[in-house]
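Trainee: give me coordinates for this.
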Amino acid sequence: MPAGEITIQLQRWRTGDKVALEELTPLVYDHLRMLAGRFLNGDGAGVRIQPTELMGELFVHLLEAKRVEATDRNQFFAFSARVMRRILVQHARAAKADKRGGRMPHLPLDPELAWVGPPHDPATLDLDADLDELEQLDEPAVRAVELRFLFSFTAEEAASILEVSKATVDRHVRFALAWLSVRLHP
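Mentor: Numbers count the residues shown, from 1 in each chain. Predicted coordinates for the structure are as follows:
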């Protein structure tokens, strides 16, 4: 992936260049689609949204945003991860409101997060609200949890994206899991 070109297009987009997103899209699309597939990869039983659909919604959000504050590819992919999480939570909320069950997306959870419950469990929506609250206290911890558990990156990969050490990622994850456990299971 041409990291330098991605950074150049992000800088153009940040300054309001409307063509920059069009030129950025082919540079990041395959990697984002792979991330969407990782995000949705699970047992397959509860998947109601496909990676292509998730990608479509992501790009609609990016178009509506006009520009992002990401300065490099790592920040862009981390931002995209947060947007994908929000999209899936919106789908979960819509399904919860639908009297016939609606379209409940499968939110894959690592075994360390299995205590949250299945996607149709209200705790899944609580998890999103709690992640938002934790983000106000410790944003790096939330970024680490998103990358490790929602996108299934290794600690080393997450450390590279976040530009911190593996030990720092591990520390953020331990803190976030403990904090979330207390919040979701008082």
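
Trainee: for the chain, give me the ranges with low pLDDT.
Mentor: Across the chain, the ranges flagged by pLDDT under 70 are 1-3, 41-47, 66-67, 92-126, 184-186.

Trainee: give me that answer again for 90
Mentor: 1-7, 9-135, 142-143, 145-154, 157-158, 160-163, 176-186 (pLDDT under 90).

Trainee: show me what counts as buried in stretch 17-25.
Mentor: 20, 21, 24 (16 or more other CB atoms under 10 Å). The C-beta positions use only the backbone N, C-alpha and C, and glycine is treated the same way.

Trainee: what sits against the first one?
Mentor: Translated: residue 20. 9, 10, 12, 13, 67 (CB atoms under 8 Å, 6 or more residues apart in numbering).

Trainee: again, 10 Å this time
Mentor: 8, 9, 10, 11, 12, 13, 14, 67 (CB atoms under 10 Å, 6 or more residues apart in numbering).

Trainee: cool, the second one as well?
Mentor: Under the criterion of CB under 10 Å, 6+ apart, the contact partners of residue 21 comprise 9, 10, 12, 13, 28, 59, 62, 63, 65, 66, 67, 68.

Trainee: quick check: closest non-adjacent residue to the last one.
Mentor: It refers to residue 68. Nearest residue to residue 68, sequence neighbours excluded (CB to CB, 6 or more residues apart in numbering): residue 79, at 5.6 Å.
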